[in-house]
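> sequence unknown, structure follows:
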C-alpha cells in the first residue's frame, strides 16, 4: 500500500501496521516532533484521503477519518492514504527531556500573577512560544509557557493564582527560592516560524503574555524585521503586567506595535477597553491573508480569535494557538 505526503508530493511504499512518525523519519520526510508519546502535539498532520488508526495518551485507539488531524507518533497505517505535513521549511526538533531545576526567584507581578524563575541543571532546548510541564511535587503538576529563550541561563514562567486551584495555590503558599522543580518538555506547536517574512499578529490573554514575549524576543534574537502587532487583553487595569518589558521591546524592535486592552476600566484613564477580538475586528478588514497569527490565553478567547482571523483571511494552518485550560490549576 502507498502513503502520499503533501505538499511534498512524495509517495512511499509502506507495510500495514507501520508507525507514521517512524516511517516519515526513515524516509527523511521533514516533520516536527518532540515527545513521541502523544503529549506535545508537535507532530500533528492532516489526513486528506484514507484513514489512520490513532492511539492517544490514554491508549484509546480510534480511526482518524479524512479531513481530521492526527499525531504522527501515535498513528498506525492500515491502508493506503494521503496526509499533509505542515510547513516543511519550518521543522523544529527538540527531543523531549526531563530536567531538574531550582527556583531562583518568585515575584508578584499583579494581585494574582507570580513570576517564577528556575535555574535548570542542564539547558532545555525549545522554540520561542513552547511550554513545559512543571512538577513541584508528585501531586502538583501543571504546564506553563516559557517567557524567555532557550539561550537564557534561566527559565521564566508566569503563573496566575486561581482561587481554589490545586497547583497555583501550592505555588502561592509553598514555592520559594530553593524549591526543586522537575521540568519536562518542550511541548506545543505555537512556536515562532522564523522563515516567515510577512507580518505577525500576536494575541495574548492574561498570562498568555508569557509565550508571546518569548516569540517577540525570539524574533529579535533571530534578526527578523517582520511587522508585529500585539494585542494584550486583560480583565481590568489591575491585571496589566509587563508593560515595561513591552516598552523595552518596542524600543529595541521598531516594527513592534503594542496595544494593552482591559475589558473594562473604571479608572477614567484614556485607555482602549473591550474585548481584544473586537479591537482586532475594528482595526483590520479582510487583508490578513499574508499574516501569521500566534494566540495564547483562555480557550474562549483563543477560539473566538481563531474564528475571527479565519474570517479576516488567515488560513487555519497559519494560526498557531495553545489555549490555557483551568483543569488542575
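Here it is on my side, so go on. Just so it is clear, the structure is predicted and the values come from calculations on it, not from any experiment.
> Now do the host helix or strand of residue 280, average pLDDT.
Element membership for residue 280 (DSSP states H and E) is helix 276-283. Helix 276-283 carries an average pLDDT of 95.
> Kindly report the same for stretch 204-215.
Stretch 204-215 shows a mean pLDDT of 96.
> And for stretch 185-192?
Mean predicted confidence for stretch 185-192 is 89.
> How about residues contacting that stretch?
Among residues not part of stretch 185-192, those counted as contacts by Cβ atoms under 8 Å, 6 or more residues apart in numbering are 32, 34-35, 39-42, 44, 92, 94, 96-97, 124-133, 143, 145-146, 211, 214-215, 218-219, 222, 294-296, 320-322. Yep, even glycine has a C-beta here, placed from its N, CA and C like the rest.
> Among those residues, name the buried ones.
Buried by 16 or more other Cβ atoms under 10 Å: 32, 34-35, 39-42, 44, 92, 94, 96-97, 124-133, 143, 145-146, 211, 214-215, 218-219, 294-296, 320-322, out of the contacts of stretch 185-192.
> Any stretches of the chain with poor pLDDT?
56-60, 88-89, 266-270, 323-329 (pLDDT under 70).
> Narrow the buried ones among the contacts of stretch 185-192 to those in helices?
Here DSSP state H is the test, and these give 211, 214-215, 218-219 as lying in helices.
> number of nearby residues for residue 252?
Neighbourhood size, residue 252 [other Cβ atoms under 10 Å]: 11.
> With adjacent residues omitted, what lies nearest to it?
Excluding the flanking residues, the one nearest residue 252 by Cβ to Cβ, 6 or more residues apart in numbering is residue 220, at 6.0 Å.
> ok so, going back, if we go by neighbour counts, what in the helix holding residue 280 is buried?
276-280.
> Repeat that for stretch 137-157.
Residues of stretch 137-157 classed as buried by neighbour count (16+ other Cβ under 10 Å): 140, 142-150, 155-157.
> Residue 10: which of the residues you listed is nearest?
residue 150 (31.0 Å; Cβ to Cβ).
> I figured the closest one hits residue 129, correct?
No. Using Cβ atoms under 8 Å, residue 150 makes no contact with residue 129, being 11.3 Å away.
> what pairs with the closest residue to residue 179 other than its chain neighbours across the strands?
Distances taken as Cβ to Cβ, 6+ apart put residue 103 closest to residue 179, at 4.3 Å, once the chain neighbours are dropped. Beta-bridge partners for residue 103, by DSSP bridges, are residue 118.
> Could you double-check that residue 103 lies in contact with residue 178?
Yes. Here residue 103 reaches residue 178: they are 6.4 Å apart, a contact under Cβ under 8 Å.
> Spit out the residues that contact the two alike.
Common neighbours of residue 103 and residue 178 (Cβ under 8 Å, 6+ apart) do not exist.
> The two: which has the busier surroundings?
Higher neighbour count among residue 103 and residue 178: residue 103, with 18 against 8, using other Cβ under 10 Å.
> Many thanks, I have nothing further to ask.
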